[in-house]
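*Asks:* below is the sequence, then the predicted model.
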Amino acid sequence: MIRRPTIPVLLLSCMMLTAQAYGTASCSIASAATAFGNYNSLGSTNDPALGGVTITCTGSVNDPVNYTITLSSGQGSFSNRILEAGSAQLGYNLYLDSSHTTVWGDGTNGTSPLTGNFNLPYSPYSPTFTVYGQINGGQNSATASPGYADSLVVTLTY
């Protein structure tokens, strides 16, 4: 029996701000990496992970904020994002829900953006939204590496 070491995996994320101001509130966005930890290439179990996207809005109390947060596809496609370590690859995806059924994207190719609205309860106000990640199990072609990574563009429109 050949034993492969577990593989450290980190999803790096970038941010981009697209502003379309409709009220007087001003918003920015930041994201925290979705770190999968070690992936067992001999296992068949899916490997979940959590990350976060935070928007920070300033303005007057009760200012309305209507927002849309989109994610790019990264190095792969929306149906199968790809973490890379050199020429080695692992398929994964990011979701809006903990059941991993709604792919978080830009609204194309079967994906959905995160949309919502609120009135500023105080200023600054910084709600955080959970990113649900998952690497599908059974990817036994993965190799030991210092780390697999992908970069995505996170866009806030408000």
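*Replies:* Great, that's in hand. In this text the structure is predicted, and so the values were computed from the model without any measurement.
*Asks:* tell me the SS of Val131?
*Replies:* Here Val131 is recorded as strand under DSSP: H, G, I helix; E, B strand; the rest coil.
*Asks:* dump the residue contacts of it.
*Replies:* By CB atoms under 8 Å, 6 or more residues apart in numbering, the contact set of Val131 is 31, 34, 50-53, 94-95, 104. (C-beta placed from N, C-alpha, C; glycine too.)
*Asks:* try Gly74
*Replies:* For Gly74, the contact set (CB under 8 Å, 6+ apart) comprises 81-82, 150-152.
*Asks:* rerun that using 6 Å as the cut-off
*Replies:* The neighbours of Gly74, taking CB atoms under 6 Å, 6 or more residues apart in numbering as the test, are 81, 150, 152.
*Asks:* where's the second one relative to His100, distance?
*Replies:* Pointing back at Asp150 there. 17 Å (CB to CB, to the nearest Å).
*Asks:* can you name the element that comes right after the longest strand seen in the chain?
*Replies:* What stands out as the longest strand in the chain, according to DSSP state E, is strand 47-58. Next in sequence after strand 47-58, counting helices and strands by DSSP states H and E, comes strand 64-71.
*Asks:* let me see the mean pLDDT of whichever helix or strand comes after that following strand.
*Replies:* Under the assignment DSSP H and E, the closest C-terminal helix or strand after strand 64-71 is strand 81-85. Regarding strand 81-85, the rounded mean pLDDT is 94.
*Asks:* what comes into contact with strand 81-85?
*Replies:* Contacts with strand 81-85, where a contact means CB under 6 Å, 6+ apart, come from 9, 74-76, 89-90, 92-93, 145, 148, 150.
*Asks:* any idea how far stretch 145-155 is from the chain center?
*Replies:* Centre-to-centre, stretch 145-155 and its host chain are 10 Å apart (CA atoms, centre = their mean, to the nearest Å).
*Asks:* what of stretch 110-128?
*Replies:* Per CA atoms, centre = their mean, the displacement of stretch 110-128 from the mean C-alpha position of its chain is 16 Å.
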